[in-house]
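*Asks:* here are the coordinates; sequence isn't available:
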């Protein structure tokens, strides 16, 4: 999954001993293979995050509607939402 042409999002996941699932997203520089840090995004499951390749991504709101987010990738920094341009775009809180 590509956040930009130079940055991939790698999702790691598994289960704890009590069978509770966990997952996390990480940014990787595709040219060098260097880990840039954790990609913090609110998602209820590892498949909810959909990168669009232009620095933005989609998740769903509680009603299942798509929400578009955007940020300049920063190592270990939370994303900053883009200004909404439609009723389906929201700000991350």
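*Replies:* Arrived safely, thanks for sending. Everything numeric in this text was worked out from a predicted model, so none of it was measured.
*Asks:* all contacts plus neighbour counts: C-alpha atoms, from now on.
*Replies:* Will do.
*Asks:* could you give me the average pLDDT of stretch 53-66?
*Replies:* Mean pLDDT, stretch 53-66: 91.
*Asks:* Compute the first-to-last residue distance for it.
*Replies:* End-to-end distance of stretch 53-66: 16 Å, with Cα to Cα, to the nearest Å as the criterion.
*Asks:* and it, how far out from the chain's middle?
*Replies:* On the basis of Cα atoms, centre = their mean, to the nearest Å, stretch 53-66 sits 9 Å off its chain's mean C-alpha point.
*Asks:* List the buried residues in it.
*Replies:* By 16 or more other Cα atoms under 10 Å, the buried positions in stretch 53-66 come out as 55-61, 66.
*Asks:* would you list every one of the helices in the chain?
*Replies:* Listed in chain order, the chain contains no helices at all (DSSP state H).
*Asks:* So residue 49 is in contact with residue 59, correct?
*Replies:* Yes: counting by Cα atoms under 8 Å, residue 49 does reach residue 59; the two are 5.2 Å apart.
*Asks:* Now the common contact residues for the two.
*Replies:* residue 43 (Cα atoms under 8 Å, 6 or more residues apart in numbering).
*Asks:* Please name the bridge partners of residue 70.
*Replies:* residue 56 (DSSP bridges).
*Asks:* Residues in contact with stretch 48-63: which ones?
*Replies:* 1-5, 9, 42-43, 66-73.
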